[in-house]
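# sequence first, predicted coordinates after that:
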Amino acid sequence: GVSAARNKGIKKATGKYLAFVDSDDYIEKNMIESLVKRQRETNADLVVCNFCFEDIDGNYDTRNNKTIISMNKDQTIYNVLHPNKIYYGFLWNKLFLNQIFIDNNLLFDLDISMREDLLLILDYCKYINYSSYISDNLYHYVNANNKSLSVLKKDEIKSRITRIYTQKRIIHGIKTMTNN
């Protein structure tokens, strides 16, 4: 599955940075360059860019925030957990430092098939000092695949059980972070 493929990529990565792009989405030509530049300017452990949701006809909705923001660890976690904020619990609009993955053996949980992005980001955020945000729309999330998990509602019971299990792991992770 997707988690196993991502874990394989994480294990094989040799560069300074990690970034993830879903197969049905696309990025602006300058996305990686812009994120790396911001990381070098700020020394942030996580860099996030703005994005837009796009449908198959090219219509899009953006969550643009015109400000450039840097946040400490607690502010970053808050923004990852609250979907009305700018960071969201997605992998695909972020630049990560590979060394944090290596030093802390961060990998996707193969038993989780929903919200696995959020779990990994929260695990990653345990080890950061601060993050930085770029307001440019550099990532395009395309909802063109009617068979994707975001569109299909098959196997609803398994989905709910997985969601409950994942939420329990998230709550445990937050409690662990706040006790440090």
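Right, received. Where do you want to start? Numbering: from 1, shown residues only.
# roughly how far does the residue lying closest to residue 1 once chain neighbours are set aside sit from residue 131?
Setting aside the residues directly before and after it, residue 1 is nearest to residue 113 in space (C-beta to C-beta, 6 or more residues apart in numbering), at 6.7 Å. Quick note: C-beta positions are derived from backbone N, CA and C, even for glycine. Relative to residue 131, residue 113 is positioned 27 Å away (criterion: C-beta to C-beta, to the nearest Å).
# burial of the closest residue to residue 10 other than its chain neighbours, as a residue count?
Excluding its sequence neighbours, the residue lying closest to residue 10 (C-beta to C-beta, 6+ apart) is residue 101, at 5.7 Å. Residues within reach of residue 101, counting by other C-beta atoms under 10 Å, total 19.
# so residue 101 belongs to a strand, correct?
No - counting by DSSP: H, G, I helix; E, B strand; the rest coil, residue 101 is not part of a strand but helix.
# which SSE is the closest residue to residue 88 other than its chain neighbours in?
Closest residue in space to residue 88, ignoring its immediate chain neighbours: residue 80 at 6.9 Å, by C-beta to C-beta, 6+ apart. Under the criterion of DSSP states H and E, residue 80 resides in helix 73-81.
# who does the longest strand anywhere in the chain touch, helix- and strand-wise?
Across the chain, the longest stretch assigned as strand under DSSP state E is strand 130-143. In terms of contacts (3 or more C-beta pairs under 8 Å, 6 or more residues apart in numbering; DSSP states H and E), strand 130-143 is packed against strand 26-27, helix 31-42, strand 46-55, strand 69-72, helix 73-81.
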